[in-house]
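1. no sequence for this one, just the structure:
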């Protein structure tokens, strides 16, 4: 039984690449990956919020941002040490600041990634 659900933006080229990598690393099938655009009935929060920030449900708790990434990392044996380290409040706070900085540049990175996809 899957104990971790991850909602992602399947329309985002950056998200698609990251989720494809996580699927390859998740050899045990511990994570259920859900495209928030296609699953409005299964979304635990407002769909727009799920598309704006990364979300995961770990053991029934809805997590967002860096905490959601850390939960995903804990479910993948190769990344588990990083996810466990992120349980430390100071580490999680730094990761959240980095994630917020990424969100500010995400639209530009998405545009660049879409242009690269169109050329391929």
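-> Yep, it's here. Keep in mind that what you see is a predicted model, and the values were worked out from it rather than measured.
2. which helices and strands does the worst-scoring helix or strand of the chain on mean pLDDT pack with?
-> Sorting the helices and strands of the chain by mean pLDDT, DSSP states H and E puts helix 47-52 at the bottom, at a mean of 77. Helix 47-52 is packed against no helix or strand, with contacts defined by 3 or more CB pairs under 8 Å, 6 or more residues apart in numbering; DSSP states H and E. In this view, the C-beta of every residue, glycine as well, is placed from N, C-alpha and C.
3. Please repeat the previous calculation with a cut-off of 10 Å.
-> Packed against helix 47-52, as judged by 3 or more CB pairs under 10 Å, 6 or more residues apart in numbering; DSSP states H and E, are the following elements: strand 4-8, strand 31-35, strand 61-64.
4. quick one, which of those strands is nearest to residue 98?
-> With distances scored as CB to CB, the stretch of the helices and strands packed on helix 47-52 nearest to residue 98 is strand 61-64 (14.6 Å).
5. Go through that closest one and flag the buried ones.
-> Under the neighbour-count criterion of 16 or more other CB atoms under 10 Å, strand 61-64 has 63-64 buried.
6. likewise stretch 83-102?
-> Neighbour-count burial for stretch 83-102 flags 83, 86, 92, 95-96, 99 (criterion: 16+ other CB under 10 Å).
7. Return the subset of the residues you listed lying in helices.
-> Of the buried residues of stretch 83-102, the ones assigned to helices by DSSP state H are 83, 92, 95-96, 99.
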